[in-house]
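1. I'd like to go over a predicted model; first the sequence, then the structure.
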Amino acid sequence: MTDATGGVSRPVGATGTGGAPTGGREARLPSDASPGVRRVVGLVDTDSFAKWGAHLLATAPAAWDLELRTVATPRSASPKQLRAAFRGLDERLAHLHRQPPTPKDVDTVVEELRQDPPDAVLVSLIGPVAELVIDEVHRRIPDRPVLVSGLPGISFPSKWKGIFFRARADLFVLHSHREVRAYEETAREGGVEPHFALATLPFARSAGASAATGATAATAAAAGGVRDSIVFAAQPSVPLERADRALVVRWLVETARAHPERRVVIKTRAAAGEHQTHREEHPYPDLVPADAPSNLVVESGPMAEHLDRAVALVTISSTAVLEAAARGVPALTLTDFGIGRHLINEVFVTSGLEGDAVDLVEGRFGTVRPSWMRDNYFHPDSDDDWQHRLAALMDQRDGGTLVDRAPARRSRGGVLRRAWERKNALGGADRTALGALALVIGAPIRGAKRLGRRLSALVDPPEPVAVAAPTSQRASQGRAAADSSSADRSSADRSSAGRSEGLGDREQELVPGGDPG
């Protein structure tokens, strides 16, 4: 029997167990497997979503069967990027590092899910593609799996687009209490019912919780167990302007000259010709001067392997700083360009990691303040609720009571509108005639709208981007000294009983060879 979408109906009736109505969704027959066994399929595309999706999936309960598939999109990660992303997974997914899955087009992936629906699908895809896949699953799979999605890395401040594209997912995973609060507020403002769950960022677990894998241990052994690198975690679009990125390179050159005994590594996420989640207009390797010292090197590969050799890590706002903090590697988030939403570094205010180029060149790094940790990515594992909530949703699916969520896109339009959204998401990967027609009609309209926005901005300029003043480890040291002096004067007992903020909560780390200033 064929349903209205062309899918094949299953022989289970439209009532749940005991004859309870299911609202049209078919109840599932109990599996012969043990009650705790679940089958979850992960879908990934870009480098960062591949890393996040695979590592989040690997933290699922041991009884769950896991699969991972790569979706072909204009920004799909290369095999090399996938091997790096899949390094250090548990035994259920460890094979992916050796042989990453070949990307398949959206239609093929959805058809596979329709023919053999799993209990749940982790939609770890870039926004427009995530929206497309979620919509296709809703339309084409009568007995659809539970849909869980989320964002990789640091997602504070909240972004409406992230919610907009994933509003129909049953669960949306975030990684800190602070993020959950911010996204709940933004969702409500946009008329979307909050559906956020908490999970510890999988590659920012403590060193004890994520002991070195064989691969990282082998790397450390190959290096003789030596820690000799100051690692700069590059980001494709932060900072955005070429002049700012060239300035960062200049600081790294100065750092390499000031510390000839150290390797200063510009750690990139993509080689020439490879794609990333965010477009990179000015790659750092292109900005390295010809006379750079020999100990300044450009390397790619898994961040975990670089941290095995790191004495310190520096970045503007890369999630790698959380990986470093989890391992106890001193770190620095550069604030020379200010502190603002566009730099994704507001979350690090009061973290103890903020610094500037002077700190970098002098070898002065920070460690995370305990007072910052619980609300920002380092909460106890017992606070995580994503697995329990996903399991509850899968139970609802079994009983035929899983409720479809409303889309944030209020006007879905007809076939041509869906073809436009598909073309917008997949670009050249969409080869349908309808997509080509939608592009011919939609591209001029989109161009006119963009021109209208530019003209409107000229008439009524937008508010300037709010940027807070830079700060440094030296300023933090001064505040800590003043706080300590005040505490000594007010109460010697209190001073001995508890450590003050600033240096009291985290010692500054000086890379040998630098002037402490």
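-> Received the coordinates, thanks.
2. Looks to me like Lys90 is in a helix.
-> For the record, residue 90 is Asp, not Lys. No: under DSSP: H, G, I helix; E, B strand; the rest coil, Asp90 falls outside any helix and is assigned coil.
3. In the chain, which helix is the longest?
-> The helix that spans the most residues within the chain, counting by DSSP state H, is helix 433-459.
4. just checking, what packs against it?
-> helix 415-426 (3 or more C-beta pairs under 8 Å, 6 or more residues apart in numbering; DSSP states H and E). (C-beta placed from N, C-alpha, C; glycine too.)
5. in the helix it packs on, what's buried?
-> Within helix 415-426, the residues that count as buried by 16 or more other C-beta atoms under 10 Å are Arg418, Ala419, Trp420, Glu421, Arg422, Lys423, Asn424, Ala425, Leu426.
6. I'd say the fourth one and Gly127 touch.
-> Translated: Glu421. No: applying C-beta atoms under 8 Å as the test, Glu421 and Gly127 come out as separate, 11.4 Å apart.
7. quick revisit: can I get the buried residues of helix 415-426 in CSV with pLDDT and distance to Arg242?
-> As requested, the buried residues of helix 415-426 are exported to CSV (pLDDT from 0 to 100; distance: C-beta to C-beta, whole Å):
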residue, pLDDT, distance to Arg242
Arg418, 78, 38
Ala419, 75, 37
Trp420, 75, 33
Glu421, 80, 33
Arg422, 79, 34
Lys423, 78, 31
Asn424, 78, 28
Ala425, 79, 29
Leu426, 81, 30
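8. Please identify which of those residues is nearest to Tyr183.
-> Using C-beta to C-beta, Ala425 comes nearest to Tyr183 of the buried residues of helix 415-426, at 22.1 Å.
9. Distance check, the closest one against Ala468.
-> According to C-beta to C-beta, to the nearest Å, Ala425 and Ala468 sit 35 Å apart.
10. Please apply the same query to Ile441.
-> Taking C-beta to C-beta, one finds Ile441 at 44 Å from Ala468.
11. what do you get for Glu254?
-> 25 Å.
12. which of the two has more neighbours?
-> Glu254 (17 against 13; other C-beta atoms under 10 Å).
13. The more buried one is in contact with Glu362, isn't it?
-> No: applying C-beta under 8 Å as the test, Glu254 and Glu362 come out as separate, 10.0 Å apart.
14. The spatially most central residue of the chain in helix, strand or coil?
-> The chain has Pro152 as the residue nearest its centroid, 1.4 Å off, counting by C-alpha atoms, centre = their mean. The three-state assignment at Pro152 reads coil, by three-state DSSP.
15. Next, find the distance separating the closest residue to it other than its chain neighbours from Ala325.
-> Excluding the flanking residues, the one nearest Pro152 by C-beta to C-beta, 6 or more residues apart in numbering is Trp52, at 3.3 Å. The spacing between Trp52 and Ala325, counted by C-beta to C-beta, is 17 Å.
16. repeat for Val106
-> With distances taken as C-beta to C-beta, Val106 is found 37 Å from Ala325.
17. higher neighbour count, these two?
-> Per other C-beta under 10 Å, whichever of Val106 and Ala325 has more neighbours is Ala325, with 25 against 22.
18. shouldn't that one be in contact with Ala331?
-> Yes: using C-beta under 8 Å, Ala325 makes contact with Ala331 at a distance of 6.0 Å.
19. okay, and the common contacts of those two?
-> Residues touching both Ala325 and Ala331 (C-beta atoms under 8 Å, 6 or more residues apart in numbering) are Leu353, Thr367.
20. gap between the two ends of stretch 372-379?
-> Stretch 372-379 has an end-to-end distance of 10 Å (criterion: C-alpha to C-alpha, to the nearest Å).
21. How about residues contacting that stretch?
-> 154, 175-178, 198, 200-201, 204, 322, 325-326, 347, 350-352, 368, 380.
22. can you pull the buried residues of it?
-> Trp372, Met373, Asn376, Tyr377, Phe378, His379.
23. so the fifth one, which of the three states?
-> Each residue gets one of three states, and Phe378 gets coil by three-state DSSP.
24. What is the least confident helix or strand in the protein?
-> helix 492-497 (a mean of 38; mean pLDDT, DSSP states H and E).
25. tell me what the helix or strand containing Val321 is packed against?
-> In this assignment (DSSP states H and E), Val321 forms part of helix 320-327. Packing partners of helix 320-327 (3+ C-beta pairs under 8 Å, 6+ apart): strand 229-233, helix 303-308, strand 310-315, strand 331-334.
26. Distance to Phe164 added to those, as CSV?
-> What follows is these, written out as CSV (distance: least, C-beta to C-beta, whole Å):
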stretch, distance to Phe164
strand 229-233, 28
helix 303-308, 29
strand 310-315, 28
strand 331-334, 28
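27. Quick one, which of these gets closest to Leu113.
-> helix 303-308 (31.1 Å).
28. Let me see the ranges of the strands in this structure.
-> 39-44, 65-70, 120-124, 146-150, 171-174, 196-198, 229-233, 263-267, 296-299, 310-315, 331-334, 354-355, 364-365, 509-510 (DSSP state E).
29. Run the chain-centre distance for the longest helix of the chain.
-> 30 Å (C-alpha atoms, centre = their mean, to the nearest Å).
30. That one versus helix 415-426: what angle between them?
-> Between the axes of helix 433-459 and helix 415-426, defined by axes from the mean of the first three to the mean of the last three C-alpha atoms, to 10 degrees, the angle is 80 degrees.
31. And helix 433-459, what's buried?
-> So helix 433-459, judged by 16+ other C-beta under 10 Å, has buried residues Gly435, Ala438, Leu439, Gly442.
32. now do stretch 342-360
-> 343-348, 351-357, 359-360.
33. CA atoms only for the helix holding Val321, dumped as CSV, please.
-> Only the C-alpha atoms of helix 320-327 are listed here, as CSV (Å, rounded to 0.1, in the frame of the first residue of the first chain):
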residue,chain,number,x,y,z
ALA,A,320,40.0,24.2,20.5
VAL,A,321,40.6,26.4,23.5
LEU,A,322,38.1,24.2,25.4
GLU,A,323,39.9,21.1,24.3
ALA,A,324,43.1,22.6,25.7
ALA,A,325,41.5,23.7,28.9
ALA,A,326,40.1,20.2,29.4
ARG,A,327,43.6,18.8,29.1
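34. I'd like the numbering to begin with 47 instead of 1 from here.
-> Okay, using 47 as the starting number, the last item reads as helix 366-373.
35. and that helix, average pLDDT?
-> Taken as a whole, helix 366-373 carries a mean pLDDT of 95.
36. Residues in contact with that helix: which ones?
-> 200, 247, 249-253, 256, 277, 279, 313, 349-350, 353, 356, 358-359, 361, 376-377, 379, 394, 399, 413-414, 423-424.
37. Could you pick out the buried ones from those?
-> Buried, going by 16+ other C-beta under 10 Å: 200, 247, 249-251, 256, 277, 279, 313, 349-350, 353, 356, 358-359, 361, 376-377, 379, 394, 399, 413-414, 423-424, out of the contacts of helix 366-373.
38. these two touch, right, Leu244 and Arg224?
-> No: between Leu244 and Arg224 there is no contact under C-beta under 8 Å: 10.6 Å.
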